[in-house]
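Undergrad: Build me a model:
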Amino acid sequence: MATKSLVKIAGQELTLSNLEKVFYSAANFTKSQMIDYYVRIAPGLLPHLAGRPVTLKRYPNGAAGKFFYQKECPVHRPVWLPTAPVWSEGHARDINYCLLQDMASLVWAANLAALELHTSLALAADIATPTMLVFDLDPGPPASILECAQVGLWLKDYFDHYKLQSFPKTSGSKGLQLYLPLNTTTSYDQTKTFAHALARLLEKQHPSQVVSKMRKELRTGKVFVDWSQNDEHKTTVCAYSLRAKDRPQISTPVTWDEVELAWQKQDPGMLNFEAEQVLRRLERDGDLFAPVLSLKQQLPALE
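TA: Numbers count the residues shown, from 1 in each chain. As a prediction, the model looks like this:
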């Protein structure tokens, strides 16, 4: 019989179950450890969840098992857990997304085996206005995160030219993600058009290393600069979220110096972080991704 534990978190009572279940077999990392990670990373994670619709990617039988995406917040959610209605053209109705804005909400989601937390680029209060732009750099084998690092540095050079600050994080999987904070009045039409144009420009400048088209047969040995994530109907894995890999890898904010050093040393391990490493990094460095939430910038005109 599965064990259950009643806990009190931030004034709310929660029943946690299956805490002994192994979620990452290669690391013997249990559901209890998964919840513990989310509790300890909360000071860094919660600001990036606050106010944003969250899609839960749930793995009831651990990272190697079957999963499903949950956009509609479960009807059995606690009465104190807020939701945000977001209109869905496909469903012709509002979808009520969970808002994970405090420790109790985060632990509740983790107990549902929501290993991965995927967020909108906009706040629920203004869902049509993205607060940031993202480039998702996805390597086509045999390319790896190292080739993503090189492409990321090319993107950084472009933004440096316009005195814009950009912030990288690992995807926690194969690639790298580059964020450009905006926090000004803009639209997805603007961010998506800009991202697509810049992806095509990079492809033109580096045709043997970069691809901007989505067709998978074109990606072999290249980095796909995925501009399409800049869309009201899409979500991106949140900073500090676990990923469903062999081991408890994390989508980890990194510095540009770390990206450049990994590329110079040709060491992909320098851009691969697991739960305990990320907790130590947060304690040592603070939240490297904090400026993404508040830094105000305007998109430049592409030359």
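Undergrad: Tell me the buried residues in stretch 278-293?
TA: By 16 or more other Cβ atoms under 10 Å, the buried positions in stretch 278-293 come out as 278-279, 281-282, 287-289, 292-293. For every residue, glycine as well, the C-beta is placed using N, CA and C.
Undergrad: Please produce TSV containing these, extended by secondary structure and distance to Leu146.
TA: Below are the buried residues of stretch 278-293 laid out as TSV (DSSP: H, G, I helix; E, B strand; the rest coil; distance: Cβ to Cβ, whole Å):
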residue	secondary structure	distance to Leu146
Val278	helix	20
Leu279	helix	25
Arg281	helix	20
Leu282	helix	25
Asp287	coil	25
Leu288	coil	20
Phe289	coil	22
Val292	helix	24
Leu293	helix	29
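Undergrad: From these, pick the one nearest Ser166.
TA: Ranked by distance to Ser166 (Cβ to Cβ), these are led by Val292 at 9.4 Å.
Undergrad: Wait, Leu178 touches Leu155, no?
TA: Yes. In terms of Cβ atoms under 8 Å, Leu178 counts as a neighbour of Leu155; the distance is 5.5 Å.
Undergrad: Those two: which has the busier surroundings?
TA: The neighbour count for Leu178 versus Leu155, taken as other Cβ atoms under 10 Å, is higher for Leu178 (23 against 20).
Undergrad: For that one, pull up the helix or strand it's in.
TA: strand 176-181 (DSSP states H and E).
Undergrad: Which strands border that strand, and is each parallel or antiparallel?
TA: Strand 176-181 has the following sheet partners, assigned by DSSP bridges: strand 132-139 (antiparallel), strand 167-170 (antiparallel).
Undergrad: Pipe those strands into CSV and attach distance to Lys8 per row.
TA: Output for the strands paired with strand 176-181, formatted as CSV (distance: least, Cβ to Cβ, whole Å):
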stretch, distance to Lys8
strand 132-139, 35
strand 167-170, 33
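Undergrad: Buried deepest among these, which one?
TA: Stretch with highest mean neighbour count among these: strand 167-170 (a mean of 25; mean count of other Cβ atoms under 10 Å).
Undergrad: just how off-centre is stretch 106-113 within its chain?
TA: Distance, stretch centre to chain centre, for stretch 106-113: 17 Å (Cα atoms, centre = their mean, to the nearest Å).
Undergrad: same question, stretch 293-303
TA: From the chain centre to the centre of stretch 293-303 is a distance of 20 Å (Cα atoms, centre = their mean).
Undergrad: Tell me the buried residues in it?
TA: 293, 295, 297, 299.
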